[in-house]
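Peer 1: Everything below, folded, please.
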Amino acid sequence: MSGGLLVFDMDGVLVDVSESYRETIARTVEHFTGRQPSRAQIQDFKNQGGWNNDWELSHRLIQELGGKAGYDAVVDRFQRIFLGDGGEGLILRERWIARTGVLERLGGRFQLAIFTGRLRDELRLTLDRFAPAIRFDPTVTTEDVTRTKPAPDGLLRIAELAPARPLWYIGDTVDDARCAKAAGVAFIGVATPSNPRHAELAGLLGAEGAVAVLDDINQLEAVLPR
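Peer 2: Predicted coordinates:
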């Protein structure tokens, strides 16, 4: 194994969340306003930076559309849609992105880790479902840091556990790129072609210092050192 660490963001990088988190945002906003924001409108906020937290983004979109709802009520509705009252929430619509063998090969060359804005229980649910045999260590979630992305706290915590070893952070948002820059970590961007603002996002990630911008993580092996 190489001495380097590949640190993955979760949403949009390891798993396609277009029908889980993104759809949950849309349905939460619709519940309080009667109107659904488009995927492009949601991405426009993501491209601004500062909207890594989907609860906060849902609350802001509700306000933008003239709705009135307390933040706690928004969080409660969001979680009910995402996880489901009986365990049949939109989280089950997620799709694992890595093709068979990709992460296994990378894991033979690098240590694999995760820094995500998810809650730990939600991270575990998805990893247990799709990749129980893949070792990600360490895993840092939003509950493990005082300041969330774009603050570098999560990456700095991982770097402290691996002193003097090269790190790459793989993410799909402006906040991910700024987090990596603030931590002094090389950043590899992901801009999936199905994103409604694909070209804009790819340009933004490049402008924020990405060493490469990929369609998805199945292209990672081609841009990493051997």
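
Peer 1: rest of the way, CA atoms for contacts and neighbours
Peer 2: Will do.

Peer 1: Please enumerate the strands of this structure.
Peer 2: 5-8, 15-16, 95-96, 111-115, 139-140, 167-171, 186-190, 212-214 (DSSP state E).

Peer 1: Could you pull up the mean pLDDT of the third one?
Peer 2: Same thing as strand 95-96. Mean per-residue pLDDT for strand 95-96: 98.

Peer 1: Kindly report the same for stretch 117-136.
Peer 2: If you average the pLDDT over stretch 117-136, you get 96.

Peer 1: Which residues belonging to that stretch are considered buried?
Peer 2: 117-118, 123, 126-127, 130, 136 (16 or more other Cα atoms under 10 Å).

Peer 1: do the same with stretch 210-221
Peer 2: Quick answer for stretch 210-221 (16+ other Cα under 10 Å): 210, 212-218, 220.

Peer 1: ok, now stretch 182-198?
Peer 2: Within stretch 182-198, judged by 16+ other Cα under 10 Å, the buried ones are 183, 185-192, 195-198.

Peer 1: now those residues in JSON lines, with distance to Ser38 and pLDDT?
Peer 2: Shown next, in JSON lines, are the buried residues of stretch 182-198 (distance: Cα to Cα, whole Å; pLDDT from 0 to 100):
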{"residue": "Ala183", "distance to Ser38": "33", "pLDDT": "97"}
{"residue": "Val185", "distance to Ser38": "33", "pLDDT": "96"}
{"residue": "Ala186", "distance to Ser38": "32", "pLDDT": "97"}
{"residue": "Phe187", "distance to Ser38": "28", "pLDDT": "98"}
{"residue": "Ile188", "distance to Ser38": "27", "pLDDT": "98"}
{"residue": "Gly189", "distance to Ser38": "23", "pLDDT": "98"}
{"residue": "Val190", "distance to Ser38": "21", "pLDDT": "98"}
{"residue": "Ala191", "distance to Ser38": "18", "pLDDT": "98"}
{"residue": "Thr192", "distance to Ser38": "17", "pLDDT": "96"}
{"residue": "Asn195", "distance to Ser38": "12", "pLDDT": "95"}
{"residue": "Pro196", "distance to Ser38": "10", "pLDDT": "94"}
{"residue": "Arg197", "distance to Ser38": "12", "pLDDT": "96"}
{"residue": "His198", "distance to Ser38": "15", "pLDDT": "96"}
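
Peer 1: farthest pair in those?
Peer 2: Ala183 and Pro196 (28.9 Å; Cα to Cα).

Peer 1: in this structure, which segments are predicted with low confidence?
Peer 2: The chain contains residues with pLDDT under 70 at 1-3, 87.

Peer 1: That one - how does it break down into domains?
Peer 2: Annotated domains of the chain cover 5-16+95-222, 21-92 [automatic domain parsing].
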